[in-house]
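Visitor: Based on what follows, work out the 3D shape:
(2 chains)
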Amino acid sequence: MGNLDLLLEGFQSALSAQNLMYGLLGTFLGTLVGVLPGIGPALAIALLLPVTFSVEPTSALIMFAAVFYGAMYGGSTTSILLNTPGEAGAVITSLEGHQMAKRGRAGAALTTAALGSFVAGLIATIFLAAAAPALAELALKVQPAGYVALILAAFITVGTLLGNSKVRGLMSLSIGLIIGLVGLDQQTGISRINFGIQDATDGIEVIVVVISFFALGEVIYYASRFKDEAWKVLPVKGKVWMDRNDFKRSWKPWLRGTAIGFPMGIIPAGGSEVPTFMSYSLEKKLSKNKDEFGSGAIEGVAGPEAANNANAAGVLVPLLALGLPTSATAAIMLVALRNFNIQPGPMLFELNAPLVWTLIASLFIGNTLLLLINLPLIRIWIKLLQIPRHYLYAGITTFGLLGAYSLNNSLFDMRMALILGFVGYLFRRFGVPNTPLVLGVILGPVLEIQFRQAIQLSNGDYSILLAGLLPKAIYLGLVLVIFLPNVINLFKKRATKVQS
Amino acid sequence: MQRTSRAVISELAFATLFTLLGLFVLYDAYTLEESGVYSAVSPKAFEYIIGSFATLIGVLLLVEVARGKYGIPEGTDPRAPLLPPDIRTMSIVITSMAAHIFLIERIGYIAAATITFFGVAYAFGSRKIIKDIFISLIFAVVVYVVFSKGLRIFLPEGLFENLFNLSREQAQ
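Guide: The predicted structure is shown next:
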């Protein structure tokens, strides 16, 4: 194999004193930003991206992995204590977690979340290290037509599984695709949808899009709801640690959550919403304390938290091996990796082996650092939640605009951020999910390239899009996913009609 | 579901606007000038596909709204009546953002960030003017020093930045 040796080498280059310092800084900053209400991991990474650019690649990767885990953990702290989950995956955690906090068991909820995230992160990263190179090897055989099918599958699943309206999910996707069209066509040099603005020919940066939709749009939305918004931070009473009984009730949900979250991350199943919910209902079914669910059952925090973290690591498998992000966070990571001159995809493990294995080693280190510094620091993070919200929003706004500006020192990027920020507000107001948009922006241009390559290979014969086993299998699967629920419903309706 | 006519009109406007965007993309594809560069698939093709897709979804959205299925902001109670947006707070926030863009290269990062931070805090109901000006300034200065001196990320200079540059030159 040799992969283990490569991983050990990765650890060697990652584990210098200087890099550990960057790791600690990343964990700290990631948690700091992630804990702020309304900021999820995708935005946290987008905002902290400029910071990681200023250091050398290995240190940057470690800092980046640490930011990733820190932001994830910070988000669950917020959803437990404040009941304002920063991202879809943390919604389920807030169900039981917030109830536990209300009953004065916030400490136990936070600890089981931290330990569960650690266990899930550890196991999932081991599987990631094994699965990503294997998948990359398989993916070497994938033709452009196969990529077209894979990207379409990611679009359809993410577009229709998120939120409460399929049409709105697909709408989000199509606006993302339109944003991706803006600027020069890579192959012919023709400028599309530029409104006659010179700067627009360079296209719109993905980071700018994320900052607009996740930061500026969110602030404008909260401004629009200023009168009816009020939140209360629950205090952490008593001891922070969980007792023996909590532990006994937690460890199995951690493992089961990991087992659900990781595989669901590998297949594009519409982000962390589905696996966290599956883990929640499984724990509810298996628990001996069913009556506690709804009023703060620790299993309902432990399972979904582990599922959420394992899911995030699972998402990295198609990201690294295929270059295919399936969540907003993964999309930002793709941008970040490109900036470090790492091009995810099947060739990654051959061309960039040392850096990739450093990244995977960094994930292990980041995960461990998180546990080491966060358990003692829980009380500090809670203090952060007590920042008055007018300063919080002021800070998010100023930081978001700074992030948009510092990418290229361009006023155009900032103007774009403000315009898209308002669109982000409209999305929020009309219940349109953000993730399909981000995927559209980043994968739209990739889809076009692969599509063109496929047609070029076949000399203009469009039937190549269906040639081979992979595209056929994917399209068949998609048809089943889309129409099977409708067909089943139809039969159910008939059955009930017959019965009555 | 209880919806005022104002909410229904705004839903329809939103869906219409989006449909128009789809049509605009189709129009842009139609008016696109071909370059001489050979390409198996013209840059128009993808634009047509995306434009058609967006227009189709736009029509489906209009149908959805017409059938009474409205957008529910995530994290709100779908049964609760949706209050009209707070236009005043929104305007101050958006103006503060726009001010940042307008001022950053004219009066420098620190002054521009101070104004934006203060403006947003004011919009969200803070009325401790003196304290807020102070906090805004500190926030801007800390961000400037960390980014431009610590991480060497360029930020525009203006009214206040020279103070920090002087001290750095003296140190050298």
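Visitor: Which residues are in contact with A:G345?
Guide: The contact partners of A:G345, by C-beta atoms under 8 Å, 6 or more residues apart in numbering or on different chains, come to A:A136, A:A139, A:A321, A:L322, A:G323. C-beta: built from backbone N, CA, C; applies to glycine.
Visitor: which parts of whichever helix or strand A:F491 is part of are buried?
Guide: A:F491 belongs to helix A:469-499 when elements are defined using DSSP states H and E. Counting neighbours by 16 or more other C-beta atoms under 10 Å in any protein chain shown, one finds that the buried residues in helix A:469-499 are A:L470, A:P471, A:I474, A:L478.
Visitor: Quick check: the nearest residue in space to the third one that is not next to it in sequence vs chain B, distance?
Guide: Read that as A:I474. Residue nearest to A:I474 in three dimensions, not counting chain neighbours: A:A149, with 4.1 Å by C-beta to C-beta, 6 or more residues apart in numbering or on different chains. Using C-beta to the nearest C-beta, to the nearest Å, one gets 15 Å for the distance from A:A149 to chain B.
Visitor: what helix or strand does A:A149 sit in?
Guide: A:A149 belongs to helix A:144-161, assigned by DSSP H and E.
Visitor: same question, A:G97
Guide: Using DSSP H and E, A:G97 falls within helix A:91-102.
Visitor: Just after that helix, pick out the following helix or strand.
Guide: Remark: after helix A:91-102, the chain's next helix or strand is helix A:106-139, criterion DSSP H and E.
Visitor: In chain B, mark out all the helices, start to finish.
Guide: For chain B, the helices defined by DSSP state H occupy B:5-31, B:43-66, B:87-107, B:109-123, B:129-144, B:161-171.
Visitor: just the ones you listed: most buried one?
Guide: Neighbour counts (mean count of other C-beta atoms under 10 Å in any protein chain shown) averaged over each of the helices of chain B peak at helix B:109-123, with a mean of 26.
Visitor: helices and strands around that helix, which ones?
Guide: helix A:389-406, helix B:87-107, helix B:129-144 (3 or more C-beta pairs under 8 Å, 6 or more residues apart in numbering or on different chains; DSSP states H and E).
Visitor: I'd like to know how many residues surround A:A154.
Guide: 25 (other C-beta atoms under 10 Å in any protein chain shown).
Visitor: Quick check on B:S42: phi, psi?
Guide: phi -60, psi 150 (degrees, to the nearest 10).
Visitor: so who does it touch?
Guide: Counted by C-beta under 8 Å, 6+ apart, B:S42 has contacts A:T188, B:E34.
Visitor: B:G51 contacts B:L23, correct?
Guide: Yes - using C-beta atoms under 8 Å, B:G51 is in contact with B:L23, at 7.4 Å.
Visitor: where in the chain is pLDDT low?
Guide: Here I'm looking at chain A. A:1, A:84-89, A:162-163, A:228-241, A:269-271, A:498-500 (pLDDT under 70).
Visitor: actually chain B
Guide: B:1-4, B:35-38, B:74-82, B:165-172.
Visitor: Give me the domain ranges for it.
Guide: What automatic domain parsing lists as the domains of chain B is B:5-66, B:87-171.
Visitor: what distance separates the first one from the middle of the whole chain?
Guide: Using C-alpha atoms, centre = their mean, to the nearest Å, the mean C-alpha position of domain B:5-66 is found 21 Å from that of the whole chain.
Visitor: Let's see the distance spanning that domain from one end to the other.
Guide: With C-alpha to C-alpha, to the nearest Å applied, domain B:5-66 spans 12 Å between its terminal residues.
Visitor: Was I right to think A:Y405 contacts A:M414?
Guide: Yes - here A:Y405 reaches A:M414: they are 5.2 Å apart, a contact under C-beta under 8 Å.
Visitor: Now do the shared contacts for these two.
Guide: In contact with both A:Y405 and A:M414: B:I104, using C-beta under 8 Å, 6+ apart.
Visitor: Tell me how many other residues surround the nearest residue to A:L95 once chain neighbours are set aside.
Guide: Leaving aside its sequence neighbours, A:L95 sits nearest to A:G300 (C-beta to C-beta, 6+ apart; 6.3 Å). Neighbour count for A:G300, taken as other C-beta under 10 Å: 28.
Visitor: and A:G300, that's in a helix?
Guide: Yes - judged by DSSP: H, G, I helix; E, B strand; the rest coil, A:G300 forms part of a helix.
Visitor: contacting residues for it?
Guide: A:G300 makes contact with A:I92, A:L95, A:E96, A:G97, A:Y280, A:E283, A:K284, A:F293 under the criterion C-beta under 8 Å, 6+ apart.
Visitor: What residues does the stretch 101-250 of chain A have near chain B?
Guide: For the stretch 101-250 of chain A, the residues in contact with chain B (C-beta under 8 Å from any C-beta of the partner chain) are A:163-165, A:167-168, A:170-171, A:174-175, A:177-178, A:181, A:185, A:187-190, A:192-193, A:216, A:219-228.
Visitor: Among those, name the buried ones.
Guide: Applying 16+ other C-beta under 10 Å to these, the neighbour count classes A:163, A:165, A:167-168, A:170-171, A:174-175, A:177-178, A:181, A:185, A:187-188, A:190, A:192-193, A:216, A:219-226 as buried.
Visitor: how far is stretch A:314-331 from where the chain is centred?
Guide: 9 Å.
Visitor: Alpha carbons of it, as PDB, please.
Guide: Extracted C-alpha coordinates of stretch A:314-331, given in PDB (Å, rounded to 0.1, in the frame of the first residue of the first chain):
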ATOM      1  CA  GLY A 314     -17.400  11.900   4.700                       C
ATOM      2  CA  VAL A 315     -18.100  14.800   2.400                       C
ATOM      3  CA  LEU A 316     -14.300  15.200   2.100                       C
ATOM      4  CA  VAL A 317     -14.000  11.800   0.300                       C
ATOM      5  CA  PRO A 318     -15.800  12.800  -2.900                       C
ATOM      6  CA  LEU A 319     -14.200  16.300  -2.500                       C
ATOM      7  CA  LEU A 320     -10.600  15.000  -2.500                       C
ATOM      8  CA  ALA A 321     -11.100  12.000  -4.800                       C
ATOM      9  CA  LEU A 322     -13.400  13.400  -7.400                       C
ATOM     10  CA  GLY A 323     -13.200  17.200  -6.900                       C
ATOM     11  CA  LEU A 324     -16.900  17.100  -6.200                       C
ATOM     12  CA  PRO A 325     -18.100  19.100  -3.200                       C
ATOM     13  CA  THR A 326     -21.600  18.300  -1.900                       C
ATOM     14  CA  SER A 327     -22.000  20.800   0.900                       C
ATOM     15  CA  ALA A 328     -21.400  24.500   1.200                       C
ATOM     16  CA  THR A 329     -18.500  23.900   3.600                       C
ATOM     17  CA  ALA A 330     -16.900  21.500   1.100                       C
ATOM     18  CA  ALA A 331     -17.300  24.000  -1.700                       C
END
